[in-house]
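Undergrad: sequence plus the predicted model coming up.
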Amino acid sequence: MLDDGRMQCDLCPRDCRLHDGQRGLCFVRMRRGGRMLLTTYGRSSGFCVDPIEKKPLNQFYPGSSVLSFGTAGCNLACKFCQNWDISKSRDMDSLADSAGPEEIAGAALRMGCKSVAFTYNDPVIFAEYAMDVADACHAAGVQTVAVTAGYMHDAPRREFYATMDAANVDLKAFTDEFYVKLTGARLAPVLETLKYLKHETDVWFEITTLLIPGRNDGDAELEAM
């Protein structure tokens, strides 16, 4: 709690400072009284069985199937988002279907999926839900995959990735200018996530970069990356 009566959300570097009843930039984390509430806990915006290569993961159980699901909201504001109808729609928060952790793990088993992927929107913002699903999946012998932009503070990052078996991190560019102008975020926290995954975890991770002509595809930037 801050001196002015607001409560700070410490999950990601946005550090949203909220009055009672107010939501953060992600729209799904809301202050209610003296606690932070995840409004999308236990509800999904959709499910799909995919090949693991679609996540994309090239060397994590290649040839296997993955049960993909997401919720609503996002802590970035990418101007080129392909899932904007999920990540930024105010309606998705109320239209989502009920899906408890054990239900998701059970569905993965029934459909022959080796893993469950938290995708479509960033699992960082529904970390509590994702971690509970991951625990249920591990109890059932199912692996877990985070498809994420990696924009997260250190303490929750450690707790979150302790429950993940693999991750695909979307490194959107290699300049802070791109991040600020086109995503509303910063580059440094993403690099910290990548360094953490590489040096301090056993999580299998791969990196994806969407090249946008004239924005992040210069030779010097790619060399630096």
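TA: Cool, got the structure.
Undergrad: contacts and neighbour counts: CA atoms only from here.
TA: OK.
Undergrad: poorly predicted segments of this protein, please.
TA: Low-confidence segments of the chain, defined by pLDDT under 70: 85-96.
Undergrad: now do the helices in it.
TA: Assigned by DSSP state H, the chain shows helices spanning 84-87, 92-95, 101-110, 127-139, 154-161, 176-178, 188-200, 219-224.
Undergrad: and the fifth one, what's buried?
TA: If you call a residue buried by 16 or more other CA atoms under 10 Å, then helix 154-161 has these buried ones: D154, P156, R157, R158, F160, Y161.
Undergrad: distance of the fifth one relative to S65?
TA: The gap separating F160 from S65 is 23 Å, by CA to CA, to the nearest Å.
Undergrad: over to the fourth one?
TA: In this structure, R158 and S65 are separated by 27 Å, where distance is defined by CA to CA.
Undergrad: what does I52 give?
TA: Distance of I52 to S65, given as CA to CA: 6 Å.
Undergrad: P13 now?
TA: The value you get for P13 to S65, if CA to CA is used, is 33 Å.
Undergrad: more neighbours: those two, which one.
TA: Applying other CA atoms under 10 Å to P13 and S65 shows that S65 carries more neighbours, namely 20 against 15.
Undergrad: got a list of what that one touches?
TA: Listed by CA atoms under 8 Å, 6 or more residues apart in numbering, the contact partners of S65 are V49, D50, P51, I52, G112, C113, K114, S115.
Undergrad: let's go with 10 Å and repeat that
TA: 49-54, 108, 111-116 (CA atoms under 10 Å, 6 or more residues apart in numbering).
Undergrad: just the buried residues of these.
TA: V49, D50, P51, I52, E53, A108, C113, K114, S115, V116.
Undergrad: most widely separated two among the residues you listed?
TA: For these, the farthest-apart pair by CA to CA is E53 and A108; their separation is 16.8 Å.
Undergrad: with adjacent residues omitted, what lies nearest to Q143?
TA: Excluding the flanking residues, the one nearest Q143 by CA to CA, 6 or more residues apart in numbering is S115, at 4.3 Å.
Undergrad: do I have it right that K79 meets L182?
TA: Yes. K79 is within contact range of L182, at 5.5 Å (criterion: CA atoms under 10 Å).
Undergrad: who touches both of I52 and S65?
TA: Shared contacts of I52 and S65, counting by CA under 10 Å, 6+ apart, come down to C113, K114, S115, V116.
Undergrad: many thanks, we can stop here.
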